[in-house]
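In: could you look at this predicted model? Sequence included:
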Amino acid sequence: MTRCLVVVEHPRPDSLTRAALERVLAGLDAAGHEVRLIDLDNEQFDPRLTAFEQQHHIGDPNDRPYLADHADALRWAQRIVLVYPTWFSGQPARLKGWIDRTWMHQVAFELPADSSRIRAKLWNVRRLDIVTSHGSSRLVNLVQGNGGRLIVFRTLRLLCHPLCRTSFTAIYKIDRQAPEACTEWLDRVERRFAR
């Protein structure tokens with residue numbers, strides 16, 4: 001059994017992202033994993049990095065008790081699943097703000113006083129998964145550079161276990177997909193997380 005932290009971001013309950021979340025949770029449950037869910041919209045998570053947080057970026061996380069539950073969830077997780085729509089080549093503001101505010105010093109990394117190189121602290125995280133949707137085609141996303149994917153797999157992954165594995169599950173051109181194609185994709189999502 002794996003401890004899975006699922007983080008979802010989409011403001012509309014009738015969205016394909018919310019349907020994908022239900023499939024992720026069903027798959028993880030079928031596989032017998034322990035799950036914690038952070039629903040950034042339901043808790044009205046504020047994505048804004050405050051002046052205090054920026055000024056004390058390399059500081060004690062206990063100075064930010066309002067983020068303690070999120071920090072604890074990151075320390076608890078062995079697997080992190082991000083479920084979100086890709087908007088303008090990246091994560092929606094709430095999810096990007098969650099990354100900015102909670103993957104903090106002494107939680108996700110440390111910067112020794114005599115060094116300019118950070119050291120990873122989330123060695124407990126052995127897997128990162130993205131489940132996302134795109135309005136544009138796969139080709140357009142490749143040309144744009146897949147910014148959201150790169151943030152997770154080239155930056156956040158470096159703060160996790162050195163052997164951390166990744167997976168990316170996406171549907172493209174959602175505005176032009178037939179309902180059957182969306183259902184097929186959702187079925188694949190559930191099967192992937194049930195393994």
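Out: Received it, and whenever you're ready, just let me know what you need. Because the structure is a prediction, the values reported are computed rather than measured. Numbering: from 1, shown residues only.

In: can you list the buried residues in the helix or strand that contains Ala73?
Out: Assigned by DSSP states H and E, Ala73 belongs to helix 68-76. Going by neighbour count (16 or more other C-beta atoms under 10 Å), the buried part of helix 68-76 is His70, Ala71, Ala73, Leu74. (Glycine included, C-beta is placed from N, CA and C.)

In: centroid-wise, who is the farthest residue in the protein?
Out: Most distant residue from the mean C-alpha position of the chain: Asp114, 31.2 Å away (C-alpha atoms, centre = their mean).

In: please tell me how far it sits from Gly97.
Out: 31 Å (C-beta to C-beta, to the nearest Å).

In: on that earlier part again, which strands and helices sit next to the helix holding Ala73?
Out: Other helices and strands packing on helix 68-76, by 3 or more C-beta pairs under 8 Å, 6 or more residues apart in numbering; DSSP states H and E, are strand 3-8, strand 34-39, helix 93-102.

In: list the buried residues of the second one.
Out: When you say that, I think you mean strand 34-39. Val35, Leu37, Ile38, Asp39.

In: contact partners of that strand?
Out: 1-8, 25, 28-29, 70, 73, 76-77, 98 (C-beta atoms under 8 Å, 6 or more residues apart in numbering).

In: pull the CA atoms of the next helix or strand after that strand into CSV?
Out: Going down the chain from strand 34-39, the next helix or strand is helix 51-55, by DSSP H and E. Extracted in CSV, the C-alpha atoms of helix 51-55 (Å, rounded to 0.1, in the frame of the first residue of the first chain):
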residue,chain,number,x,y,z
ALA,A,51,5.6,39.5,0.8
PHE,A,52,6.5,37.8,4.1
GLU,A,53,6.7,34.4,2.5
GLN,A,54,8.9,35.7,-0.3
GLN,A,55,11.2,37.6,2.1
